[in-house]
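[1] no FASTA, just this:
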């Protein structure tokens, strides 16, 4: 009896307990502002990794342009909080800005889903890449949004608490999505699209939905990112950013939410640690950008499915684990 | 009218460099069905080989004529770049030949970024722009209102000759036949006694050597920095896809199309900063309506 209640309620209680902790931690002085920033980055990167994992890991499609969705979310949310919402109401309307960013990014995902009906694999990779480049190029040519100089004036609205709430919600939604009927369809597309279609999966519908959800999540991450760094420019959202996401997904594990958490955390901490370790060794901190892609290459050769590849932490597993297997 | 001719000439100049690099993308795709995203950065490395080679030769062989220096540098850069490409193929791509196709693509992206960031972080090279010593005559000649530099003509003529040579190589020689056979069916070809690994390595080497010729020509006309692999490499990649990736003649055609896009964008639109937008939109539209490119063949998916 006790056990059953424990199983049912432990996770929500723990997650809820996290809420005041993330609120009090920055104020208590236990962590300095730098650590707080790193924690926020970890949260944002978890969201990004989950977003990319939905498309690349679960659906088996290949996107290398998710930074484009992130850019759309970041700019939309920033414009809303800076230029449209009244200054005093900013903190209260912030979630609205995030959602708006997610929705705009989701619309872009809708547009991008259509080429995926006709093309797969390499060609879809090129389509997403072109999308990323186009978003960057459009932003650079929009004088209203600061063009290549970027956009600023955002208040630091993305507190640790907001990042935490977003991470938990994104993980919960993604987990439920994957174990839903649609989610099973997503997995079947990964294994064999033609067979999935023959078995009655509406592959087009599933693809559109997955792309939109994934883009929405990336847009949320973009909105958070913009309100952490308080300054965005088109160059923050290049293919380099997309590659970062790829590293996190393939490091943590394809097709695994737990993997996304691990991958994002390890990668973020590693890059931040190298910032301090490298100068100690007498090497410039620039070299961490040499190490990161090399890391990706070794990962692909020696452990292509990542740390968690296809496996999952207990609390992410389906309640009907046996059916899923 | 003179303005138009001038722009066409400029477009041919830029386009021929794109075409040369696009050939490397398309050859590797043809044989391995793999997008070698590192190729743009291999081109970037070749421009640096050309830079260091020519600077070294100019300072040590003061009495040699500049055209001799040019030829020695081109050959050296071709060998160096080919060696690098084969090394990358053997170390990074070969272990992944049986892996899911996307693993190799991600690896290629990683290798490209690695080369780029390595060149930025490595102090003797660093992020600053550099200029190759002047080796080719570039005093412009004005002819009926059109300004032509000998360099421009050399770039166009050399590129066309290289493309012609490659076309002959692929269509007429034993090695070329082996390449086409592998791209036709990689499972059966080894049974016919064709050394697949060697042919693939040779393909990488040839693609890189052609990129090195492009690198030398590009370096003679423009400044170089570690980021040109992105800018020029991506454009060449679009050229390869527009022409029909895997198709050698398509890559040449695509290169010239992209040259015209680059030169004529500022003519039609208010600023040259729109050129990336135009090029990538062209790519996107083409992929949506004709995914195999202009000259590519359609492949039916087997169940």
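    Alright, I've got the coordinates. Note that the coordinates shown come from a computational prediction; the quantities given were computed from them, not determined experimentally.

[2] Contact partners for residue A:138?
    Counting by C-beta atoms under 8 Å, 6 or more residues apart in numbering or on different chains, residue A:138 touches residue B:277. Where C-beta positions appear, they are placed from N, C-alpha and C, glycine not excepted.

[3] quick one: what helix or strand has it in it?
    helix A:121-140 (DSSP states H and E).

[4] what is the rounded mean pLDDT of that helix?
    For helix A:121-140, mean pLDDT rounds to 86.

[5] again with stretch B:79-91
    pLDDT averaged over stretch B:79-91 gives 95.

[6] for stretch B:34-49, same thing?
    93.

[7] do it and chain A meet?
    Yes: applying C-beta under 8 Å from any C-beta of the partner chain, one finds stretch B:34-49 touching chain A at B:34-35.

[8] in that stretch, what counts as buried?
    Using 16 or more other C-beta atoms under 10 Å in any protein chain shown as the burial criterion, the residues of stretch B:34-49 that qualify are B:34-49.

[9] Now for chain B: which helix has the highest residue count?
    Counting by DSSP state H, the longest helix found in chain B is helix B:2-32.

[10] how about low-confidence regions in the stretch 201-325 of chain A?
    A:310, A:318-325 (pLDDT under 70).

[11] same thing but 80
    Along the stretch 201-325 of chain A, the model assigns pLDDT under 80 to residues A:282-285, A:304-325.

[12] Contacts (any at all) between chain B and the strand or helix carrying residue A:224?
    Residue A:224 belongs to helix A:203-229 when assigned by DSSP H and E. No: using C-beta under 8 Å from any C-beta, helix A:203-229 never reaches chain B; the gap is at least 13.2 Å.

[13] Taking their axis directions, that helix and helix A:121-140 sit at what angle?
    In terms of direction (axes from the mean of the first three to the mean of the last three C-alpha atoms, to 10 degrees), helix A:203-229 departs from helix A:121-140 by 40 degrees.

[14] Tell me which helix or strand comes right after helix A:203-229.
    Downstream of helix A:203-229, the first helix or strand assigned by DSSP H and E is strand A:231-232.

[15] Could you count how many residues lie near residue B:192?
    10 (other C-beta atoms under 10 Å in any protein chain shown).

[16] Against chain A, how distant is it?
    27 Å (C-beta to the nearest C-beta, to the nearest Å).

[17] Over to residue B:147. Which of the three states is it?
    When classified by DSSP: H, G, I helix; E, B strand; the rest coil, residue B:147 comes out as strand.

[18] excluding its backbone neighbours, what's nearest residue B:115?
    residue B:41 (4.1 Å; C-beta to C-beta, 6 or more residues apart in numbering or on different chains).

[19] Report the contact partners of residue 247.
    Chain wasn't specified; assuming chain A. So residue A:247 contacts A:263, A:267, A:292-293, A:295-296, A:299 (C-beta under 8 Å, 6+ apart).

[20] Hmm, no, I was thinking of chain B.
    B:26, B:30, B:293, B:295-297.

[21] Mind giving me the PyMOL command for buried ones among these?
    Command for PyMOL, covering only those of the contacts of residue B:247 found buried under the criterion 16+ other C-beta under 10 Å:
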select buried, chain B and resi 26+30+293+295+296
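
[22] Assess the claim that residue A:166 and residue A:224 are in contact.
    Yes: between residue A:166 and residue A:224 there is a contact under C-beta atoms under 8 Å: 6.2 Å.

[23] Now do the shared contacts for these two.
    Joint contacts of residue A:166 and residue A:224 (C-beta under 8 Å, 6+ apart) are A:43, A:47, A:98.

[24] So which of these is the closest to residue A:32?
    residue A:43 (17.2 Å; C-beta to C-beta).

[25] For chain B, see how far away that closest one is.
    Residue A:43 is 25 Å from chain B, by C-beta to the nearest C-beta.

[26] which one is that residue nearest to, not counting chain neighbours?
    Counting by C-beta to C-beta, 6+ apart, residue A:163 is the residue found nearest to residue A:43 once chain neighbours are left out, at 3.8 Å.

[27] which ones are touching residue A:271?
    Residue A:271 makes contacts with A:288, A:292, as judged by C-beta under 8 Å, 6+ apart.

[28] Where does pLDDT dip in chain B?
    In chain B, residues with pLDDT under 80: B:1, B:61-64, B:100-102, B:136-139, B:143-145, B:186, B:270-273, B:288-303.

[29] I should have written the stretch 51-200 of chain A there, sorry.
    Filtered on pLDDT under 80, the stretch 51-200 of chain A yields the residue ranges A:85-92, A:115-123, A:158.

[30] For it, which segments count as helices?
    Assigned by DSSP state H, counting those that start in this stretch, the stretch 51-200 of chain A shows helices spanning A:66-79, A:90-113, A:115-118, A:121-140, A:160-178, A:181-191, A:193-198.

[31] Please find the angle between the direction vectors of the first one and helix A:121-140.
    The one in question is helix A:66-79. Going by the same axes, to 10 degrees, helix A:66-79 makes 30 degrees with helix A:121-140.

[32] quick check: angle from helix A:66-79 to helix A:90-113?
    Orientation check (the same axes, to 10 degrees): helix A:66-79 against helix A:90-113 gives 150 degrees.

[33] Does chain B have contacts with helix A:66-79?
    No: if you take C-beta under 8 Å from any C-beta as the test, helix A:66-79 misses chain B, and the best it gets is 10.8 Å.

[34] residues of that helix that come out buried?
    Buried-residue list, helix A:66-79, by 16+ other C-beta under 10 Å: A:66-79.

[35] what does the third one give?
    Of the residues in helix A:115-118, A:115-116 count as buried by neighbour count, 16+ other C-beta under 10 Å.

[36] And the contacts of that helix?
    By C-beta under 8 Å, 6+ apart, the list of residues contacting helix A:115-118 from outside reads A:61, A:124, A:127, A:204, A:207, A:211, B:284, B:287-288, B:291.
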